[in-house]
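1. Sequence first, then the predicted structure:
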Amino acid sequence: MNLATLYGFRLNRYTQGIRKVTFQHTAEDFWSIYRRSTCAVERRRSQLLAFLAEGKSNQEALTLTRYSYQGADKIIDAYHAGGPASLKDQRHHNRGAPTLLSDAQLLLLARIIRADTAEGGVWNGARVQAWVKQELGQDVHLSRCYEFLDAVGYSRQVPRPRHVEADPIAQEEFKKKSSQKQSEQLRRMLKELDER
């Protein structure tokens, strides 16, 4: 069994170079796109096609633009399918995955949290997760629930834990001593800077 069969791709395809391009435009057309564009992806793709349209060898065009054989083939296929318009970076038009909760559901969650926190309620991701399951019938991962809290303008609303044996007097003494140490260090540093 050879490597090409083992890994499921054809090695010999890319030892011969990139696909042959059938140009409907001149090199100057591609250079015009290159100069006019503000998108780095579109500029680089038009540069590759401009070099190929000028008659540079496949290897030279790939070396100058730093594209791989596979990347160049994808650009050439896109150019054949859609012309120069296909050189643009299409990621700007990707809206992403649909949201799990609609705007109305987020608004409802925000109202419920606001009303509950006014009465002293505490909300965290687990509580939001339980609410979404109970009220909306959706199973949602815990990390998404923290995103919902953020989307409605709340953070994790759980107070920091306190040790049962904590001594408030000792804590205040510690705060005083540490602030005194910091102020002493600051005075020393300022004095050293003044002496320089």
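-> Perfect, I can see it now.

2. Mind pulling the model confidence for Ile169?
-> Note for Ile169: predicted pLDDT of 90.

3. same question, the one 10 residues further on
-> Here, the pLDDT recorded for Ser179 equals 70.

4. quick one: buried residues of stretch 81-91?
-> 84, 87-88 (16 or more other C-beta atoms under 10 Å). To be clear about C-beta, it is placed using only N, CA and C from the backbone, and glycine gets the same treatment.

5. now swap in stretch 144-152 and tell me
-> Buried residues in stretch 144-152 (16+ other C-beta under 10 Å): 144-149, 152.

6. which SS class is the spatially most central residue of the chain?
-> By C-alpha atoms, centre = their mean, the chain has its centre lying nearest to Gly96, at 11.3 Å. Three-state call for Gly96 (DSSP: H, G, I helix; E, B strand; the rest coil): coil.

7. do the one 4 residues further on as well
-> The assignment at Leu100 comes out as coil when based on three-state DSSP.

8. I'd like the next helix or strand past the helix-or-strand element of the chain with minimal mean pLDDT.
-> Every helix and strand in the chain was compared by mean pLDDT, DSSP states H and E; the lowest is helix 3-7, with a mean of 52. Later in the chain than helix 3-7, the nearest helix or strand by DSSP states H and E is helix 27-36.

9. for that next one, what is the average pLDDT?
-> 95.

10. Go through that helix and flag the buried ones.
-> 27, 29-31, 33-34.

11. All set now, cheers.
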